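J.: coords below, sequence missing:
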Ligand SMILES: Cc1cc2nc3c(=O)[nH]c(=O)nc-3n(C[C@H](O)[C@H](O)[C@H](O)COP(=O)(O)OP(=O)(O)OC[C@H]3O[C@@H](n4cnc5c(N)ncnc54)[C@H](O)[C@@H]3O)c2cc1C
């Protein structure tokens, strides 16, 4: 193989982005003895895996991923065991609370929880795949989910129970990253599910990132932080092949036979100028069709926990004021709020509120103090409704803003319903996003993993996949 530039190659593979997919690939390649350089724009590794440490006492919170979704068949479980990470399997120890601070009775809670899980994870995917009519691509997930015959409402006695079930289901927009009205019904559940319950990573996800970093460095890899990649060039990309790649940052220019791009879908959407020559039109079309959703978190930390201990809470809206839970400037309303008790789960005296999809976007228009006031009001209303009991103010608030984050521009991918006059997104778009271009630029990231997109294990699997491909190609080159 000849490299026609005067610049010397500095590595076998340049990896753009130091999230879990980039690090997984870099580790794999470095362990095979090939030189790899990871270039990361942030001042930290991990991307959408971000464990924030409050202090040296072990108080921490994950601002990005915090669950291992499905502990059976999930490659992360083996890694977690090896790294002595604490995984806490959640058998919904949930307390659903109404707007007066009263817990729903146990039977009703169980019924709603069972119906929501059944409709979301089992019945609706089955209907999408096996009903006697092929669902049209413009049908949103909300349509079968909320129709009167939906298993969501099975066995519920009155309109109030149905209202609560609907509110809890709407809150699953934190799972999809988009309002259920925007997600495609046709492709719902088409990805391969891992099995078993979810597990909360109570020792923090960051341990995996630290381990990957150490392994890459130990095997001779380089990691560059604070270095945004401005351009990835496939040199001589006439037709379908190029000779090598050049990666440009504000600090340096790097040359390598192969570059692996792992930047998030949101960034790919907003920066077509990142590639020279521009990505082929069908690749650009797939990037534009696939949806990139949003989930944000608000974390109130206290000096001491003052609330009743319970892994998870669901704050239910007031039927007389269904929008009352959302931030004052709007949002979709009539949706429950999902809250984690970090005191019960990790020992950190904090409450974590999930704010998904449209409400997540509204959240990003507020300042920290306004959000703190809103969130403190909610947790007191739902968890300590007795008058006259003094609740201390939170000692700090952390608000994530993944949509405004220039190196994420959102949280994770989803398949949107078709918009009028536009070609529909399908899972094939993710396959398309996983293919190399000009035989030189490769792609990984959760958005490239059709079977496990929107997850940490999907990002991990995509890094392993591309690492394997590149090792094969590099082995081939050595033999030449
Ligand atoms: C709030 C939230 C909660 C989540 N919860 C869960 C969960 O509980 N369980 C789960 O399985 N998944 C969860 N996810 C999804 C999961 O975090 C992601 O799917 C996964 O971490 C993505 O990894 P990645 O390597 O594909 O991308 P990223 O982690 O985003 O890595 C890409 C890297 O590229 C860098 N980058 C971007 N632009 C440039 C540039 N121009 N130059 C150089 N570097 C650049 C970024 O800084 C980043 O580090 C959650 C995500 C969010 C945001």
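T.: Now that the structure is in, tell me what you want to look at. The structure presented is a predicted model; accordingly, all values stated were derived computationally and were not measured.
J.: who's in contact with residue 310?
T.: The contact partners of residue 310, taken as Cβ atoms under 8 Å, 6 or more residues apart in numbering, are 93, 94, 95, 341, 344. Quick note: C-beta positions are derived from backbone N, CA and C, even for glycine.
J.: among the residues you listed, which are located in helices?
T.: Within the contacts of residue 310, residues falling in helices by DSSP state H are residue 344.
J.: ok, of the contacts of residue 310, which one's closest to residue 324?
T.: residue 95 (19.3 Å; Cβ to Cβ).
J.: okay, the closest one: pLDDT?
T.: Reading off the confidence values, residue 95 has pLDDT 90.
J.: likewise residue 5?
T.: Residue 5 is assigned 42 on the pLDDT scale.
J.: likewise for residue 386?
T.: As predicted, residue 386 sits at a pLDDT of 77.
J.: residue contacts, it?
T.: residue 101.
J.: helix/strand/coil for it?
T.: Under DSSP: H, G, I helix; E, B strand; the rest coil, residue 386 falls in the coil class.
J.: distance of the most centrally placed residue in the chain from residue 305?
T.: Among the residues of the chain, the one closest to the centroid is residue 412, at 4.2 Å (Cα atoms, centre = their mean). Residue 412 sits 30 Å away from residue 305 when distances are taken as Cβ to Cβ, to the nearest Å.
J.: list the buried ones in the top helix by length along the chain?
T.: Using DSSP H to define each element, the chain has its longest helix at helix 456-479. Neighbour-count burial for helix 456-479, counted by 16 or more other Cβ atoms under 10 Å, picks out 456-467, 469-471, 473-474.
J.: try stretch 128-136
T.: Within stretch 128-136, the residues that count as buried by 16+ other Cβ under 10 Å are 128, 135.
J.: chain center to the host helix or strand of residue 125: distance?
T.: Following DSSP states H and E, one finds residue 125 within helix 124-130. Relative to the centre of its chain, helix 124-130 is centred 24 Å away, using Cα atoms, centre = their mean, to the nearest Å.
J.: list the contacts of the nearest residue to residue 249 once chain neighbours are set aside.
T.: Closest residue in space to residue 249, ignoring its immediate chain neighbours: residue 227 at 4.7 Å, by Cβ to Cβ, 6 or more residues apart in numbering. By Cβ under 8 Å, 6+ apart, the contact set of residue 227 is 39, 40, 41, 249, 250, 251, 252.
J.: closest to the ligand among these?
T.: The closest of the contacts of residue 227 to the ligand turns out to be residue 41 (Cβ to the nearest ligand atom; 3.6 Å).
J.: how about the closest residue to residue 463 other than its chain neighbours, phi and psi?
T.: Among residues not flanking residue 463 along the chain, residue 24 sits closest, at 2.9 Å (Cβ to Cβ, 6+ apart). Backbone torsions of residue 24, given as degrees, to the nearest 10, read phi -60, psi -40.
J.: same check, this time on residue 62
T.: Dihedral angles for residue 62 - degrees, to the nearest 10 - are phi -90, psi 120.
J.: can you get me a residue count around residue 82?
T.: 10 (other Cβ atoms under 10 Å).
J.: same deal with residue 156?
T.: Residue 156, neighbours per other Cβ under 10 Å, totals 18.
J.: near the ligand, which residues of this protein show up?
T.: Within the chain, the positions near the ligand by Cβ under 6 Å from any ligand atom are 16-22, 39-42, 47-49, 64-67, 69, 228-229, 262-264, 267, 295, 297, 400, 402, 407-408, 411-412, 445-446, 454-457, 459.
J.: filter those to the buried ones?
T.: Among these, those scoring as buried are 16-22, 39-42, 47-49, 64-67, 69, 229, 262-264, 267, 295, 297, 400, 402, 407-408, 411-412, 445-446, 454-457, 459 (criterion: 16+ other Cβ under 10 Å).
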